[in-house]
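> Provide a 3D model corresponding to the input given below.
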Amino acid sequence: MIPTLYENYRHWSDGRSVYILSDMHFDDAIGKDMVDDWLEADELVDKINSIVGKNDTFICLGDVGKAEYVKRIRARYKVLLLGNHDRRSDYVGLFDEIYSGPIFIADQILLSHEPVHGLNWCLNIHGHDHNNRAPYVEGCKHINLAANVCNYTPVNLGKLIKSGILADITNIHRMTIDRATDRKAGQQQGLQTLMEADCVLEDDRDFVERYIPSPEVKELIKKENVEFSDADKATIIFNSGLNLFELHRELKKIADNTADGSLREQIEERIAYDLEGLKLFTDDRGGYIYQLFIGKDSYGDGFFNNVKTAIEKGKDSQKEFSIEKHQIISNLENIKPMKAIATAWIEPELANRVHRHIMPGTPMAGIRFDEKGVITDYYSSERSDEEDIRIEGCSTERFEYPFVAIPNPYEKGDRVRFAGDNGKVGIVDVSQEEWRRHVEKALKPGAIEDYSDASITVRYQYTHDHINPIYLEKVCEQRDC
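Modelled structure (predicted):
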């Protein structure tokens, strides 16, 4: 028995030893591509079984390889932390417990697949780094158990603890007490880091020029003297893809100048709602950790104990990046549920109800940044149900998502593409008469259509899409140009 383990994990050592190894890459090409003399799968299984007894617990910290070899490991109890090359479905039934992210198994011991940077109050036992060259922070203890780094040898957790490896690590509870008076200032600093963005907009062009790229829609607006209400403008701006702070600045301009008191109040609520979400994101009380993803196809580029360090590393890459906030699971009974809000057009009988789902390993919140480190978007499950329903319930009574009657100049059969983009060309599949009927229906009292329904169907060779006309341009046949 290892008494220092949290109660939820103490059964791992109940009358048996606990061994840990990572990145076996059984019979896959990944290990062999990284290391020329990677141990063959059969030899690695034999080596594990020469150390791990039939009544012991075996913990793999990710990147297992072919599942068939797991069956041959003779440990009575097997635990897996999924690695960046693992799929849960491949190993269900082969491991007794499977975790999607890092877990604290004791006050001073964190297990993870990738190294977690900057935690000077615990020992991080991990794998992933096959060169043993990760940017480990001075003063933070790591043990890298990637198979090739530790000579393909499982480590006995109980013996490791008895060796005194935790002796010079300050207990987190002591650190928490010492930092309590500084926490408020620290949160404000974290929020300030998020808010530091150079969001200078272009000169004040008129609304149509700035937010409606379609030349044909612009022409029709001018021809028919179409005027958008302040609420229409706010809706179009909200859905235009501006980064978060450009969005807030433009919405605030409308709020400061509109005579629509309800719209002004809703914009102020939206901005406050977003800022509260960002503030909650920086709060790591209660056991949270931040995972960084650099680029669009990243499987993960490190774990951090504070958002400021994660942002700094992301900015250094000069690429798009995102950061997820994860709950560190130390007690299965205290997992915080993810939230989703039912909408009227999907589940009419459950509209505007919060649905909760227990999904260990799913992020509580996340923020996406552009290559300059400016926030482009975020999501959060951390706010109150009441706030989420009131602001994000997709109500057509609010400015964010209502249907806007966009002038549509396109006829069925027109060849179109995204304005300013020389990409693929599609065929409009909605006639003017069909569009007229659609708009009439969407504008009737009680209609459930929203801004996403202000779109026309464009068909491609094998697929179709629904696109707002303001983003399209007509492509003429060569003979007509």
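
> what's near enough to touch Gly295?
Contact partners of Gly295, counting by C-beta atoms under 8 Å, 6 or more residues apart in numbering, are Ser317, Lys319, Glu320, Phe321. Placement of C-beta: from N, CA and C, glycine included.

> mind running it again at 10 Å?
Taking C-beta atoms under 10 Å, 6 or more residues apart in numbering as the definition of contact, the neighbours of Gly295 are Asp301, Ser317, Lys319, Glu320, Phe321, Ser322, Glu371.

> by neighbours, which of the residues you listed wins?
Per-residue neighbour counts (other C-beta atoms under 10 Å) across the contacts of Gly295 peak at Phe321, which has 25 neighbours.

> what about the residue nearest to that one when sequence neighbours are not counted, is that helix, strand or coil?
Residue nearest to Phe321 in three dimensions, not counting chain neighbours: Gly314, with 3.7 Å by C-beta to C-beta, 6 or more residues apart in numbering. Gly314 carries the three-state label helix when classified by DSSP: H, G, I helix; E, B strand; the rest coil.

> so which of the contacts of Gly295 belong to strands?
Phe321, Ser322 (DSSP state E).

> hmm, back to that, could you check how far the residue nearest to Phe321 is from Leu119?
Here Gly314 is placed at a distance of 18 Å from Leu119 (C-beta to C-beta, to the nearest Å).

> now the contacts of Gly295 as CSV including pLDDT and distance to Ala234?
Listed next are the contacts of Gly295 as CSV, based on pLDDT from 0 to 100; distance: C-beta to C-beta, whole Å:
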residue, pLDDT, distance to Ala234
Asp301, 91, 36
Ser317, 92, 34
Lys319, 93, 32
Glu320, 94, 27
Phe321, 95, 29
Ser322, 95, 27
Glu371, 90, 28
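
> where does pLDDT dip in the stretch 101-250 of the chain?
Scanning the stretch 101-250 of the chain for pLDDT under 70 picks out 118, 133-139, 170-205.

> show me where it has strands.
According to DSSP state E, counting those that start in this stretch, the stretch 101-250 of the chain carries its strands in the segments 103-106, 109-111, 116-117, 123-126, 141-144, 155-156.

> now the ones you listed in JSON lines, with mean neighbour count and distance to Asn468?
JSON lines is the format used below for the strands of the stretch 101-250 of the chain (neighbours: other C-beta atoms under 10 Å; distance: least, C-beta to C-beta, whole Å):
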{"stretch": "strand 103-106", "mean neighbour count": "21", "distance to Asn468": "44"}
{"stretch": "strand 109-111", "mean neighbour count": "25", "distance to Asn468": "47"}
{"stretch": "strand 116-117", "mean neighbour count": "24", "distance to Asn468": "42"}
{"stretch": "strand 123-126", "mean neighbour count": "23", "distance to Asn468": "46"}
{"stretch": "strand 141-144", "mean neighbour count": "20", "distance to Asn468": "50"}
{"stretch": "strand 155-156", "mean neighbour count": "17", "distance to Asn468": "57"}
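
> out of these, which comes closest to Ala75?
Taking C-beta to C-beta as the criterion, Ala75 comes closest to strand 155-156 out of these, the separation being 12.5 Å.

> Glu268 is nearest to which of the strands of the stretch 101-250 of the chain?
Closest of the strands of the stretch 101-250 of the chain to Glu268 is strand 116-117, at 38.1 Å (criterion: C-beta to C-beta).

> other SSEs contacting the closest one?
Judged by 3 or more C-beta pairs under 10 Å, 6 or more residues apart in numbering; DSSP states H and E, the packing partners of strand 116-117 are strand 123-126, strand 288-294, strand 303-304, helix 307-316.

> one more time with 8 Å
Contacts defined by 3 or more C-beta pairs under 8 Å, 6 or more residues apart in numbering; DSSP states H and E place strand 116-117 against strand 303-304.

> near Asp232, how many other residues are there?
If you count neighbours by other C-beta under 10 Å, Asp232 ends up with 17.

> can you pull the contacts of the nearest residue to it once chain neighbours are set aside?
Once flanking residues are discounted, Asp232 sits nearest to Val404: 5.1 Å by C-beta to C-beta, 6+ apart. By C-beta under 8 Å, 6+ apart, Val404 lies in contact with Phe228, Asp232, Thr235, Ile236, Tyr451, Ala454.

> apply 7 Å and report the result again.
For Val404, the contacting residues are Asp232, Thr235, Ile236, Tyr451, Ala454, by C-beta atoms under 7 Å, 6 or more residues apart in numbering.

> can I get those in JSON lines including distance to Lys296?
Written out in JSON lines, the entries for these read as follows (distance: C-beta to C-beta, whole Å):
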{"residue": "Asp232", "distance to Lys296": "33"}
{"residue": "Thr235", "distance to Lys296": "28"}
{"residue": "Ile236", "distance to Lys296": "26"}
{"residue": "Tyr451", "distance to Lys296": "26"}
{"residue": "Ala454", "distance to Lys296": "28"}
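
> which of the residues you listed lies closest to Glu224?
In terms of C-beta to C-beta, no member of the contacts of Val404 lies closer to Glu224 than Asp232, at 14.8 Å.

> quick one: that closest one from Pro213, how far?
With distances taken as C-beta to C-beta, Asp232 is found 17 Å from Pro213.

> same check on Gly101?
When Gly101 is compared with Pro213 (using C-beta to C-beta), they lie 41 Å apart.

> between these two, which is the more surrounded one?
Under the neighbour definition other C-beta under 10 Å, Gly101 and Pro213 were set side by side, and Gly101 has more, 23 against 18.
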